[in-house]
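K.L.:
My questions concern the predicted model and sequence given below.
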Amino acid sequence: MGELVWLGVALFAYSLALWIYQRAQHNALLHPIVVSALLILALIYGLDASLKSVVDDIQLLHWLLGPTTVALAIPIYRQTQLVKQLGMGLLLPIVVGGMVAPLSAWIILYCLDSSIALQLTILTKSITTPLAMDTARLIGGIPPVAAIVVIMTGIVGVVFSQWIFKLAHIEEDAVKGLTLGIFAHGIGTAKAIQISERAGAFASLALGVNGVLTAIILSLVLQ
């Protein structure tokens, strides 16, 4: 019974957060993931409930992350011809961007003499949540922290991308989508889909390629 109650609470919290997000004209600071998480945490604190038991009760939502990630392939399929035409010119920035983002974060933590576990966890910051958590577990990182870092990276990426696109006078949807997919993964891809189907396709491609390559490379090198 508890499982159904907390699943209902989670769905209601997200629906309310989505309504707030839409009323705020898609302000990234009020992203549904952040608002719904804060609402649920406030309720848990108010009821003095066990956070671990609540997490266990909503495991179904965690499982759905996998199919949701796979579903991002749909906009890629619709832009298949364009992707074939661009070839390596499209894959190169994904690979380079996917390396620069986590390595720069790792260098900062290394210089601050952070724990090895945290350093390994930060290397998963630019891939989508399911892959980040599994990869962190394989290489000796901290899966829950990986999930938090990924979500925060996505939100910050979406917030700053709006200003960067304006400052750099970037108007091409493909470039916007590619950037959001590489540096803001799932949350960035959701934002790209709001921009256009073309932007969504490129963001999905960047998200998928970057996520798979990062997961494989980290697992092979650090496991």
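P.N.:
Perfect, I can see it now.

K.L.:
quick one, domains of the protein?
P.N.:
In terms of domains, the chain is parsed into 1-63, 65-222 (source: automatic domain parsing).

K.L.:
In a markdown table, list the ones you listed along with mean pLDDT.
P.N.:
Converted to a markdown table, the domains of the chain look like this (pLDDT from 0 to 100):
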| stretch | mean pLDDT |
| --- | --- |
| domain 1-63 | 81 |
| domain 65-222 | 81 |
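
K.L.:
Of those domains, flag the one that's most buried.
P.N.:
The highest mean neighbour count among the domains of the chain, using mean count of other Cβ atoms under 10 Å, belongs to domain 65-222: a mean of 18. Bear in mind the C-beta positions are built from the backbone N, C-alpha and C, glycine included.

K.L.:
chain center to that one: distance?
P.N.:
Distance of domain 65-222 from its chain centroid, counting by Cα atoms, centre = their mean, to the nearest Å, is 7 Å.

K.L.:
How about residues contacting stretch 16-36?
P.N.:
10, 13-14, 39, 151, 155, 158-159, 162, 187, 191, 194 (Cβ atoms under 8 Å, 6 or more residues apart in numbering).

K.L.:
Enumerate every residue touching residue 131.
P.N.:
Counted by Cβ under 8 Å, 6+ apart, residue 131 has contacts 69, 124, 211-212, 214-215.

K.L.:
at 10 Å instead, please
P.N.:
Each residue near residue 131 by Cβ atoms under 10 Å, 6 or more residues apart in numbering is listed here: 65-66, 69, 124, 146, 150, 185-186, 207-208, 210-212, 214-216, 218.

K.L.:
same deal with residue 124?
P.N.:
Per Cβ under 10 Å, 6+ apart, neighbours of residue 124: 102, 131-139, 141-143, 145-147, 149-150, 153, 211, 214-215, 218.

K.L.:
What of residue 194?
P.N.:
26, 200.

K.L.:
Could you rerun that using 6 Å?
P.N.:
By Cβ atoms under 6 Å, 6 or more residues apart in numbering, no residues touch residue 194.

K.L.:
How far away from the center of its chain is the strand or helix carrying residue 44?
P.N.:
For residue 44, the element it lies in under DSSP states H and E is helix 32-47. How far helix 32-47 lies from its chain's middle: 19 Å, per Cα atoms, centre = their mean.

K.L.:
Check stretch 47-64 too.
P.N.:
On Cα atoms, centre = their mean, the centre of stretch 47-64 falls 20 Å from the chain's centre.
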